[in-house]
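In: Quick one, fold the following:
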Amino acid sequence: MNGEKIVNINAADSVVPLSTQEDERPALVKKIGKTTYRVKIHFSTTSRETMNDKIKRMLRNEAQRI
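Out: Residues are numbered from 1 along each chain as shown. So this is what the prediction gives:
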């Protein structure tokens, strides 16, 4: 893997998109120092929450911490 770490997460900030992978899952890559992180994202096919609902929920939860 030449110093690469593969991380599976739902979202990432400050990343450079790669071309679509063979299995059609989008992948992102970010280099921090000498380490390159390749992130494959996925979306639940059974989710009932829209992206707007999710963002609102996350903002409410964050505001409650303050």
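
In: Show me what the helix or strand containing residue 39 pairs with in its sheet, parallel or antiparallel.
Out: Taking DSSP states H and E as the criterion, residue 39 maps to strand 35-40. Strand 35-40 has these partner strands in its sheet, going by DSSP bridges: strand 4-8 (parallel), strand 27-32 (antiparallel).

In: Going by mean pLDDT, which of the ones you listed comes out lowest?
Out: Ranked on mean pLDDT, the bottom entry among those is strand 4-8, at a mean of 53.

In: Low-confidence ranges, this structure, go.
Out: Within the chain, the segments meeting pLDDT under 70 span 1-26.

In: which residues of it fall in helices?
Out: For the chain, helices defined by DSSP state H occupy the ranges 51-65.

In: I'd like the C-alpha coordinates of the strand holding residue 39 written as CSV, please.
Out: Extracted C-alpha coordinates of strand 35-40, given in CSV (Å, rounded to 0.1, in the frame of the first residue of the first chain):
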residue,chain,number,x,y,z
THR,A,35,0.6,9.8,4.8
THR,A,36,-2.2,9.5,2.1
TYR,A,37,-5.6,8.7,3.4
ARG,A,38,-8.1,7.1,0.9
VAL,A,39,-11.7,7.3,2.1
LYS,A,40,-14.5,5.3,0.6
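
In: Residue 36 touches residue 29, doesn't it?
Out: Yes. Shown here, residue 36 and residue 29 form a contact pair, counting by CB atoms under 8 Å, at 6.2 Å. C-beta: built from backbone N, CA, C; applies to glycine.
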